[in-house]
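K.L.:
coordinates only, no sequence provided:
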C-alpha cells in the first residue's frame, strides 16, 4: 500500500516504464482465433456438452428405428398382436392380410332381378318427361330447333297448345328482311312439316316486323286444327293489323307442325248482341242535386291514384283513380235511376283530354250512390 493509503490498480493497460517495479503486472489473455468467448450466462462446465449432443443423437436413432419396425401404418403383416392369436382364436370373418375382402363385406349385394323392376318404375313415373326428352333429342339431331323455344308447345296436346304454337309460328312467318333471308328460313324450319317450301312463298324482297301476335279463334277441319292469329305488323306504312289462318297437324308423338302455307283471312266478323236495355225511370231531383259535384269528382278521378273527396265520396270508399293519365275536359248530365231509399245507380258521360295525342275521348261511367244522413255520396266508379 502506498504512503497515501490508496490501493494500487491491479491492472494497468499502459504502465509507466519508469515505474515497472511499483505494481504487479498481469498478462492480457487473448482468445485464440476460431474460439468462443464464454458469456456471462454460460456457466455450464465444458464436460457437459458432449453428453447433451450424444443424448440428442440417441433419441433420433431410437425414433427412426421405431418407425421402421412399425411397418408405416402399424396394421401390416408384421403386427405382433395378430401373430400372437392362435388360429382358433381368430374372428370367424377375419381375412388374411394378403387376400382382398370379398365384395359383400363392403357393399350390399344387389338383387339382379329387382333392378329391371326399379328401372321400369322410373320410366312409368314420368312418361311425359321421356316424350319431351325424345323430342328435344330429335330437335338437336335435326337442327330444326336450335334454341329449343318450340319444344314445349310442339309436344303439348290440346287446342290451347296448338294456338300457342301457331302464335309463335305467325310471329316468325311475318318477320322478314331482304338483307338476311337466311334468318327467316332458319327460324321457320322449327315449325314446318317435311317437304314444305323453307320460305313458304316469300320472294325475298322487302322487310316487315311483327310487333304483336295473338290467337283469335281455332277450329277443327278433319285431322287439321286451323288457328286464326291476329298480328300487328310494321313496314313502309304505319302499324296495321293482319289476320292469318295457320293449318296444323299433330303426329303420333304429339308434336304439332305446320302442314301447309298459311293464308291471310278477313278480320273476324263482330257479333250482334242486344245491348239496349229497357227504359228506366230516372230521379231528376237527385240528379240535379249531385250534378255540380261531378266536376270535382272526376277531376280527382283523373289526377289521383286513390279518390277521396269530402262531401262527395263515402269515407271508406275504395275508388282507384287514373293517376294523371288524362285531364278532365267536360262532364255530361248525371242520370240517377229511381230505386231504393238508401242505394241508387247513376250514369254519366265524361270527356277526357289527352295531351300526348292532343285529342279528346268521351267515355261512359256507372256510379253507385249511397244515402247517408239525408245526402247521397259516391261509393264506386266503374265503366258503363
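P.N.:
Everything's here; your move. Since the structure is predicted, the reported quantities are computational estimates derived from the model, not experimental observations.

K.L.:
beyond the helix or strand in which residue 298 is found, next helix or strand please.
P.N.:
Per DSSP states H and E, residue 298 falls inside helix 284-303. Following helix 284-303 in sequence order, the next helix or strand is strand 306-307 (DSSP H and E).

K.L.:
show me what that following strand is packed up against.
P.N.:
With contacts taken as 3 or more CB pairs under 8 Å, 6 or more residues apart in numbering; DSSP states H and E, strand 306-307 sits against helix 284-303, strand 319-320. Where you see a C-beta, it was placed from the backbone N, CA and C, and this is true even at glycine.

K.L.:
same list, the ones you listed, but as a markdown table with mean neighbour count and mean pLDDT please.
P.N.:
Output for those, formatted as a markdown table (neighbours: other CB atoms under 10 Å; pLDDT from 0 to 100):
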| stretch | mean neighbour count | mean pLDDT |
| --- | --- | --- |
| helix 284-303 | 17 | 96 |
| strand 319-320 | 16 | 95 |
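
K.L.:
any idea which of these gets closest to residue 55?
P.N.:
strand 319-320 (94.9 Å; CB to CB).

K.L.:
one step back: would you format the helices and strands packed on strand 306-307 as a markdown table with distance to residue 377 included?
P.N.:
A markdown table is the format used below for the helices and strands packed on strand 306-307 (distance: least, CB to CB, whole Å):
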| stretch | distance to residue 377 |
| --- | --- |
| helix 284-303 | 9 |
| strand 319-320 | 11 |
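
K.L.:
to residue 342, which of these lies closest?
P.N.:
For those, the distance to residue 342 is smallest for helix 284-303, at 12.2 Å, taking CB to CB.

K.L.:
contact partners of that closest one?
P.N.:
For helix 284-303, contacts defined as CB atoms under 8 Å, 6 or more residues apart in numbering pick out 307-309, 311-313, 319, 321-328, 331, 333-336, 344, 346, 348, 350, 352, 369, 376, 378, 381.

K.L.:
one more: stretch 325-341?
P.N.:
Residues outside stretch 325-341 that contact it (CB under 8 Å, 6+ apart): 280-284, 286-287, 290-291, 294-295, 298-299, 301-303, 344-355, 360-362, 367, 369, 371, 376.

K.L.:
quick one: low-confidence parts of the protein?
P.N.:
Filtered on pLDDT under 70, the chain yields the residue ranges 1-48, 70-159, 236-237, 276-278.

K.L.:
closest one to residue 217 among the helices and strands packed on strand 306-307?
P.N.:
That would be strand 319-320 among the helices and strands packed on strand 306-307, by CB to CB, at 33.1 Å.

K.L.:
quick one: the strands in the chain?
P.N.:
Listed in chain order, the strands of the chain (DSSP state E) span 176-177, 207-221, 224-234, 240-250, 256-258, 263-264, 306-307, 319-320, 327-331, 335-336, 343-354, 359-372, 375-383.

K.L.:
winner for burial among these?
P.N.:
Highest mean neighbour count of the strands of the chain: strand 256-258, a mean of 22 (counted as mean count of other CB atoms under 10 Å).

K.L.:
return the list of helices and strands in contact with that one.
P.N.:
Helices and strands in packing contact with strand 256-258 are listed as helix 151-154, helix 159-173, strand 240-250; criterion 3+ CB pairs under 8 Å, 6+ apart.

K.L.:
now do that strand: everything it contacts.
P.N.:
153-154, 156, 161-162, 165, 169, 191-193, 196, 246-251.

K.L.:
could you redo the last one with a cut-off of 6 Å?
P.N.:
154, 162, 165, 169, 191-193, 248, 250 (CB atoms under 6 Å, 6 or more residues apart in numbering).

K.L.:
kindly report the same for stretch 349-359.
P.N.:
So stretch 349-359 is contacted by 298, 326-327, 329-332, 360-364 (CB under 6 Å, 6+ apart).

K.L.:
residue 187: which of these is nearest?
P.N.:
Comparing the contacts of stretch 349-359 against residue 187 with CB to CB places residue 361 closest, at 39.1 Å.

K.L.:
that closest one bridge partners, please.
P.N.:
residue 352 (DSSP bridges).

K.L.:
so how far is residue 323 from it?
P.N.:
Here the criterion is CB to CB, to the nearest Å. By it, residue 361 lies 17 Å from residue 323.

K.L.:
and for residue 250?
P.N.:
47 Å.

K.L.:
next: residue 202.
P.N.:
Per CB to CB, residue 202 is found 45 Å from residue 323.

K.L.:
neighbour-wise, which of these two wins?
P.N.:
Taking neighbours as other CB atoms under 10 Å, residue 202 and residue 323 compare with residue 202 leading, 18 against 12.

K.L.:
for the residue found closest to residue 345 once you drop the neighbours it is linked to in the chain, the count of nearby residues, please.
P.N.:
Closest residue to residue 345 apart from its sequence neighbours, by CB to CB, 6 or more residues apart in numbering: residue 337 at 4.9 Å. The tally of other residues near residue 337 (other CB under 10 Å) stands at 15.

K.L.:
same check on residue 235?
P.N.:
13.

K.L.:
from memory it sits against residue 208, does it?
P.N.:
Yes: proximity of residue 235 to residue 208 meets the contact threshold set by CB atoms under 6 Å, at 4.6 Å.

K.L.:
might you report the residue contacts of residue 322?
P.N.:
residue 302.

K.L.:
dihedrals phi and psi, it?
P.N.:
Note on residue 322: its backbone torsions stand at phi -90, psi -10 [degrees, to the nearest 10].
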